[in-house]
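Undergrad: Need coordinates for the below:
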Amino acid sequence: MKVVPLASRYPVRSCAAGALWALAAALAYAAGAARADDTTAISRAETMLFLTPHLEQVKPPKRLHYEFRKSGSLEKGFTETLDVDISTGSDGKRKIAMRSFSSTGQRQSPEFESTETNPALLFYLNREISEMQRLTRGSPFHFAKQIRIALAESAKIKDVDIHFDGQTLRAQQITISPYQSDPYHDRYPDQRLTAKQYTFTVCDAVPGELYEVRGLVPAPSGSPGDEPVIDETLRLSSAGAAK
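TA: Residues are numbered from 1 along each chain as shown. So this is what the prediction gives:
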């Protein structure tokens, strides 16, 4: 995987998503920016997720179609879709627009330009930070920090096989459990959230490289056969010409 400098950031052209979206974007490049005055090496997990040009091989016009599914015993589940459209503007610069569709209608996310990292990852992080704030009444900045620390210090990476577009492909899976070491996790109204883990699956053979992000709070029994408390998955389902 090719690595790009942190100076290549995400210029946001709309304020509609507000502070939480900006916070999720900040998490994406905090990996290097926060290390400017120390000697800590940027981790492999941070590099794979935030410093790799995921969209470099995607030739516009292109649409990356993701499906988001939420299930589990905590709350009623639902599904929605996310389209990431990559196009070329009249100025010759690459434009990236995102739209999510659910039973409540269409939502437009900020438009980006000149970025190579897949913004579907920001979509997931933005939602996740917001959800943890909602479920615990804690600070979104705190949860963003816990995720960043886990990616920097305790991420586990392994090779896995994925199935996409009729092919079996080799991918890398990053797993973190950011709240187990949270010094304030005893304040969570629901202590089961402490066990939440995230897996990020990336594959340089699929368009956009980000194949799946999953947030899982396992069943208290610990049995994989029992229904989890929360299971939230964003997965690439297809890639084709943008309409």
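Undergrad: partner residues bridging Tyr198?
TA: Listed by DSSP bridges, the beta-bridge partners for Tyr198 are Ile176, Gly215.
Undergrad: roughly how far apart are the most centrally placed residue in the chain and Lys76?
TA: With distances taken as CA atoms, centre = their mean, Leu121 lies nearest the centre of the chain, 2.9 Å away. As for Leu121, its distance to Lys76 is 26 Å (criterion: CB to CB, to the nearest Å). For the C-beta atoms, the positions are set from N, CA and C on the backbone; glycine is no exception.
Undergrad: same thing with Leu236?
TA: Relative to Lys76, and taking CB to CB, Leu236 is found at 25 Å.
Undergrad: the more surrounded of these two?
TA: Shown here are Leu236 and Lys76; by other CB atoms under 10 Å, Leu236 has more neighbours (25 against 7).
Undergrad: partners of the one helix or strand that one maps to, with directions?
TA: Element membership for Leu236, per DSSP states H and E: strand 230-240. Using DSSP bridges, strand 230-240 pairs in its sheet with strand 62-71 (antiparallel), strand 210-217 (antiparallel).
Undergrad: closest one to Thr136 among these?
TA: Checking the strands paired with strand 230-240 against Thr136 by CB to CB gives strand 210-217 as the closest, at 12.3 Å.
Undergrad: re the thing from before, okay, the strands paired with strand 230-240 in JSON lines with mean pLDDT, mean neighbour count and distance to Ala171 next?
TA: Formatted as JSON lines, these follow (pLDDT from 0 to 100; neighbours: other CB atoms under 10 Å; distance: least, CB to CB, whole Å):
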{"stretch": "strand 62-71", "mean pLDDT": "96", "mean neighbour count": "19", "distance to Ala171": "16"}
{"stretch": "strand 210-217", "mean pLDDT": "98", "mean neighbour count": "22", "distance to Ala171": "6"}
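Undergrad: To Ala45, which of these lies closest?
TA: strand 210-217 (12.9 Å).
Undergrad: tell me, how many neighbours does Glu209 end up with?
TA: 27.
Undergrad: mind checking pLDDT for it?
TA: Note for Glu209: predicted pLDDT of 97.
Undergrad: quick one: it from Gly225, how far?
TA: Per CB to CB, Glu209 is found 32 Å from Gly225.
Undergrad: same deal with Val58?
TA: Distance of Val58 to Gly225, given as CB to CB: 39 Å.
Undergrad: More neighbours: which of the two?
TA: Comparing Val58 with Gly225 by other CB under 10 Å, the one with more neighbours is Val58, at 21 against 6.
Undergrad: Mean pLDDT per helix and strand in this structure: which one sits at the bottom?
TA: In the chain, the helix or strand scored least confidently by mean pLDDT, DSSP states H and E is helix 18-33, which has a mean of 52.
Undergrad: how many neighbours does Thr52 have?
TA: What Thr52 shows, counting by other CB under 10 Å, is a neighbour count of 21.
Undergrad: Ile174 against Ile157, yeah?
TA: Yes. Ile174 lies in contact with Ile157 (CB atoms under 8 Å); the separation is 5.3 Å.
Undergrad: Need the residues touching each of those two.
TA: 45, 48 (CB atoms under 8 Å, 6 or more residues apart in numbering).
Undergrad: more neighbours, those two?
TA: Set Ile174 next to Ile157 and count neighbours by other CB under 10 Å: Ile174 wins out with 22 against 14.
Undergrad: Provide a list of residues in contact with the more buried one.
TA: So Ile174 contacts 45, 48-49, 151, 155-157, 199-202 (CB under 8 Å, 6+ apart).
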